[in-house]
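Participant: Need coordinates for the following:
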Amino acid sequence: MRQADIDAVSAIENRAYVFPWTPGIFRDCLRAGHQCWVLEAGSTLLGYGVLSAAAGEAHILNICIAPEYQGRGHGRRLLRRLVDLARWHQANQVFLEVRPSNPRAIQLYRDEGFNEIGQRPNYYPAEKGREDAIVMAMELLPPES
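Facilitator: This is a model prediction of the structure:
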């Protein structure tokens, strides 16, 4: 992801979420040096992901596929790329939060090896107040010699 992608990324974010990240949050992620990636097909931006990695851990901060391209395996491909980046950064674990109201994402994460390890009460803004987050984690095995 580059600064020039932020408008297109924000447009997807606004279509996908009722409570989207602002363009400023994406700019801050780039400035902070997080791994910010876009998934493209030709000149079409399909989705994006943001990974923070430090001190042996990685955290998927945001992963999103444009609503019109969901259900085609793009999210799985992007998730696998973020996990590969976590390995490259020598993380031992990858964490993420997901809304309980997002069963498709929860199933994808389970299918890819994430396990529920806890909850964060009142984590997300929601139409009727706040929604808890399910915290999921994946242990990363060290590469074989």
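
Participant: In this structure, where's the longest helix?
Facilitator: helix 74-88 (DSSP state H).

Participant: which residues of the protein fall in strands?
Facilitator: Assigned by DSSP state E, the strands in the chain fall at 35-41, 44-54, 57-65, 93-98, 115-126, 129-139.

Participant: Among those strands, show me which one is buried the most.
Facilitator: strand 57-65 (a mean of 22; mean count of other Cβ atoms under 10 Å). (Each C-beta comes from the backbone N, C-alpha and C, glycine too.)

Participant: chain center to that one: distance?
Facilitator: 3 Å (Cα atoms, centre = their mean, to the nearest Å).

Participant: Which neighbouring elements make contact with that strand?
Facilitator: helix 6-16, strand 44-54, helix 74-88, strand 93-98 (3 or more Cβ pairs under 8 Å, 6 or more residues apart in numbering; DSSP states H and E).

Participant: want to throw those into JSON lines with distance to residue 23?
Facilitator: What follows is the helices and strands packed on strand 57-65, written out as JSON lines (distance: least, Cβ to Cβ, whole Å):
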{"stretch": "helix 6-16", "distance to residue 23": "5"}
{"stretch": "strand 44-54", "distance to residue 23": "13"}
{"stretch": "helix 74-88", "distance to residue 23": "20"}
{"stretch": "strand 93-98", "distance to residue 23": "21"}
